[in-house]
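Student: just a sequence and a predicted model for now, questions to come.
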Amino acid sequence: MTLTAASPVAELAVLYAVVRHRLGFLNPPISNTAVSGMPPAQAGVAASIASTSRQVGSALGVAVTGSLVAGRDAAGFAVASHSGWAVLGGCGLAAGLIGVASTGRWAARSAQRTRDLLIAEPE
């Protein structure tokens with residue numbers, strides 16, 4: 001689908017709703033992955049680091065895509081937004097690949113080893 005200056009607002013609203021819906025599926029696995037390898041005493045720290053990273057990423061995403069769109073204003077907003085959507089699509093793909101990699105058996109074993117090391121009593 002390509003945006004044009006004549007794209008209906010309803011079409012954009014549907015696309016934004018799909019993006020918002022998909023982000024809702026992304027946040028719980030991120031938090032679960034961050035907390036699952038931590039001992040209970042450090043789970044709050046892990047969750048806060050994951051949340052802060054997500055907020056910084058969102059702020060950087062807005063800044064980068066906004067700069068891409070604003071830097072191409074001669075082309076018109078609709079055409080200029082294509083590069084921003086390409087960046088967002090690439091980031092979404094990367095997040096999906098990281099999610100798959102961080103929830104497999106290898107990741108679960110790694111999380112368990114880390115948990116065991118953090119819980120182990122010092123000698």
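Tutor: It's in.
Student: gap between stretch 41-52 and the chain center?
Tutor: 16 Å (C-alpha atoms, centre = their mean, to the nearest Å).
Student: hey, C-alpha coordinates of that stretch in CSV?
Tutor: Only the C-alpha atoms of stretch 41-52 are listed here, as CSV (Å, rounded to 0.1, in the frame of the first residue of the first chain):
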residue,chain,number,x,y,z
ALA,A,41,15.4,-9.8,44.4
GLN,A,42,16.6,-8.2,41.1
ALA,A,43,13.5,-8.7,39.0
GLY,A,44,12.3,-5.1,39.6
VAL,A,45,15.7,-3.7,38.4
ALA,A,46,15.5,-5.8,35.3
ALA,A,47,11.9,-4.7,34.6
SER,A,48,12.8,-1.1,35.0
ILE,A,49,15.8,-1.3,32.7
ALA,A,50,13.6,-3.0,30.1
SER,A,51,10.9,-0.3,30.5
THR,A,52,13.5,2.5,30.3
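Student: give the buried residues for that stretch.
Tutor: A46, A47, A50 (16 or more other C-beta atoms under 10 Å). To be clear about C-beta, it is placed using only N, CA and C from the backbone, and glycine gets the same treatment.
Student: got any ranges where this structure has weak pLDDT?
Tutor: 1-3, 73-75, 120-123 (pLDDT under 70).
Student: closest to the centroid, which residue in it?
Tutor: Centroid-nearest residue in the chain: A95, 5.5 Å away (criterion: C-alpha atoms, centre = their mean).
Student: what helix or strand is it located in?
Tutor: helix 77-101 (DSSP states H and E).
Student: got the buried residues for that helix?
Tutor: Per 16+ other C-beta under 10 Å, helix 77-101 contains these buried residues: V79, A80, S81, S83, G84, W85.
Student: and these, which is closest to L15?
Tutor: Lowest distance from L15 to the buried residues of helix 77-101 (C-beta to C-beta) belongs to W85, with 9.3 Å.
Student: what does the next helix or strand after the helix holding A95 rub up against?
Tutor: Per DSSP H and E, helix 77-101 leads on to helix 105-119 as the next helix or strand towards the C-terminus. With contacts defined as C-beta atoms under 8 Å, 6 or more residues apart in numbering, helix 105-119 is touched by T33, S36, G37, M38, P39, Q42, A101.
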